[in-house]
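Participant: Sequence plus the predicted model coming up.
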Amino acid sequence: MTLGVDIGGTNTKVALVRTGVATNIETFPTGSDSARLVANICEAERRCRQGPLRGAGVAVAGFLNAARDRLAYNPNLAWLAGFPLREALAEALGTGVRLEVDSNAACLAEHHLGSGRGSRRFLCLVAGTGLGGGMMIDGDLLRFNGECLGDVGHVVVDPDGPACSCGGRGCAEAMVSERGIVENAGAGDTLRDVIESATQGDPRAVEALAGAGRALGIAMASLAQIFSPDRIALAGGLAEAGALVTSAAELSFRQAVNAEARSAVTVVKAELGWRAAVIGAAAAWDRNFPLSVI
Ligand SMILES: [Zn+2]
């Protein structure tokens, strides 16, 4: 058993992972105190533990430092930046720990076990609280700024678009934010409410999700020109809307991208849902990660 941990901007998940399956999943608020977070992860580990651990893989929302032993940057987790997270967790858990950027972890899991199987150049976009992404080329994660693909969510899609948390305007992340989609849909308070309304045929909710899909498609077209993926998967909460988002994304992608990329790339929905990051975190620990799901 390997421990998989996913430290998100809002919630943290702890799970046991074996042969690509996450079990005994514990979820709790991430909070805003580094020592408390380490203690909470250890308490969750004790509750779900079933035997000796091989090690722990920890996915963190945000950029890591070059040594990959701490969070370097995430405005939503500013209190955690610079804290010696890997060392503190290794000491508290009594086992080896590896940190990984959460979008890399999701990409790794989808590549091994989900929508990216068989892809040589796999781009996985994760639309959750923010918009991130990971890229695997011939089985290896691409690492630029922050030990990941960089801030792909801040590719500008519409220079006249809404203000973004980064200080820019019209970034893909701002165009697909939960708040923006909920405002445009005028249905409920959460993305889940909008997806529910759209599934029942509410035209404003359908259009709000399609609008987010179109923005994603344009971002995908820009990213495809740089990274030449053969497959692009959409993961995260927005992917739960399924074809309501991916159809619009694929259409706008195909309209915006050049002919060569148009024929070379397929756009798909991720398959592992919210479990992708904990499974991928465990895979980051164990390079002998099994390549099949039991
Ligand atoms: Zn931005």
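Facilitator: Everything's here; your move.
Participant: could you pull out the helices for the stretch 151-294 of the chain?
Facilitator: 172-175, 178-185, 191-199, 203-227, 243-256, 259-264, 276-285 (DSSP state H, counting those that start in this stretch).
Participant: most packed of those?
Facilitator: helix 276-285 (a mean of 30; mean count of other CB atoms under 10 Å). (Glycine included, C-beta is placed from N, CA and C.)
Participant: Now residue 176: closest residue in space, sequence neighbours ignored.
Facilitator: Leaving aside its sequence neighbours, residue 176 sits nearest to residue 212 (CB to CB, 6 or more residues apart in numbering; 4.4 Å).
Participant: Domain-wise, how is this protein divided?
Facilitator: Domain ranges of the chain: 2-104+275-285, 118-271, per automatic domain parsing.
Participant: wait, which of the ones you listed is closest to the ion?
Facilitator: Nearest of these to the ion, taken as CB to the ion: domain 118-271 at 3.1 Å.
Participant: quick one: is the closest one near the ion?
Facilitator: Yes. Interface with the ion: domain 118-271 contributes 154, 164, 166, 168, 171 (CB under 5 Å from the ion).
Participant: Among those residues, show me the least confident.
Facilitator: Lowest pLDDT of the residues of domain 118-271 next to the ion: residue 166, 85.
Participant: Report the contact partners of that one.
Facilitator: 151, 154, 173 (CB atoms under 8 Å, 6 or more residues apart in numbering).
Participant: change it to 7 Å
Facilitator: Residues in contact with residue 166, defined by CB atoms under 7 Å, 6 or more residues apart in numbering, are residue 154.
Participant: same check, this time on the one 3 residues further on
Facilitator: Counting by CB under 7 Å, 6+ apart, residue 169 touches 159, 161, 163.
Participant: before we move on, back to that, buried only: go through the residues of domain 118-271 next to the ion for me.
Facilitator: Buried by 16 or more other CB atoms under 10 Å: 154, 164, 171, out of those.
Participant: Out of the helices and strands in the chain, which is least certain?
Facilitator: helix 259-264 (a mean of 82; mean pLDDT, DSSP states H and E).
Participant: That one - contacts with which helices or strands?
Facilitator: In terms of contacts (3 or more CB pairs under 7 Å, 6 or more residues apart in numbering; DSSP states H and E), helix 259-264 is packed against no helix or strand at all.
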